[in-house]
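**Student:** attaching a predicted model along with its sequence, questions to come.
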Amino acid sequence: MPNLVVKDLHASVDGTPILKGINLEVKEGEVNTIMGPNGSGKSTLAYILMGHPKYTIDKGQILIDGEDIAGLPADERAKRGLFLSFQYPQEISGVTVSNFLRTALSSVKNEKISVMDFKKLMDEKLDMLKMDHAFGRRYLNEGFSGGEKKKAEILQLAVIQPKIAILDETDSGTDVDALKIISNGINVVAKSQKMGILLITHYDRILQYIKTDHVHVLVDGKIVKSGGPELAKQVESEGYAPLRQ
């Protein structure tokens, strides 16, 4: 059974319909990619899945392991295995990456993680991602480049180990070198932890480095076409116009 199932999801913001009947499945160990033009509802889908209070679910279900979580707040969704990375991660001055991740992990697991146990876990994940251990001592996103902010989120993904990771435009604001490093981190985490990935992007650039199993094209709040990796190449060469019809 898929870890994440979205059934006939309709959602709005301030009375304006945004999503108009989304059906989607994300299975453990699979990468699903959502592509679409600006304003199609991609980020809205990510926020609604995670429980952003700004958005209203008008109809439909969001199931994690068979449980409908549509009425749950974001923290409860996280405890059930959902994770969302942001397009524009916020800086938190005075809070180190390590302390932030220990607090986040304790909250998701609903248990206090000892400093020693967490250090062992953190070191293991930093090594797995081939990241400098000094990274954990830096203040969260303060003075980080765009690529470093995204690497911090991949580290968070590795430490928290969700069932389903929603990655919202992880490739935005990164150069080619950073993109390769970030993509490798996603591949390592997805393979080693067998999590489901829902990757949201404008372009197929990141798919040169991440092997996707399914591609879904979102236009005007609806998935208008689904297919394999070849669909991403079609979109890159032809654009979204043929799929709007």
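**Tutor:** That came through, no problem.

**Student:** state the number of residues packed around the nearest residue to Val159 once chain neighbours are set aside.
**Tutor:** Spatial nearest neighbour of Val159, chain neighbours left out: Leu101 (4.9 Å); criterion: CB to CB, 6 or more residues apart in numbering. C-beta: built from backbone N, CA, C; applies to glycine. Neighbourhood size, Leu101 [other CB atoms under 10 Å]: 23.

**Student:** in the helix or strand harbouring Leu101, what counts as buried?
**Tutor:** Here Leu101, judged by DSSP states H and E, is contained in helix 97-109. Buried positions in helix 97-109, judged by neighbour count with 16 or more other CB atoms under 10 Å: 97-102, 105, 108.

**Student:** which of these lies at the shortest distance from Leu84?
**Tutor:** Val108 (12.5 Å; CB to CB).

**Student:** where does the closest one land on pLDDT?
**Tutor:** Per-residue pLDDT puts Val108 at 89.

**Student:** correct me, but it touches Arg77?
**Tutor:** No. Applying CB atoms under 8 Å, one finds Val108 not in contact with Arg77, separated by 10.3 Å.

**Student:** with adjacent residues omitted, what lies nearest to Arg244?
**Tutor:** Nearest to Arg244 is Val219, by CB to CB, 6+ apart, at 5.7 Å.

**Student:** bridge partners for that neighbour, pull those for me.
**Tutor:** Under the criterion DSSP bridges, Val219 forms beta bridges with Lys222.

**Student:** OK, contacts around it?
**Tutor:** Neighbour list for Val219: 36-37, 40, 240, 243-244 [criterion: CB atoms under 8 Å, 6 or more residues apart in numbering].

**Student:** hmm, which helix or strand of the chain has the shakiest average pLDDT?
**Tutor:** Least confident element among the helices and strands of the chain, by mean pLDDT, DSSP states H and E: helix 176-193 (a mean of 83).

**Student:** show me what it is packed against.
**Tutor:** Where contact means 3 or more CB pairs under 8 Å, 6 or more residues apart in numbering; DSSP states H and E, helix 176-193 is packed against helix 115-128, helix 146-160, strand 164-168, strand 196-201.
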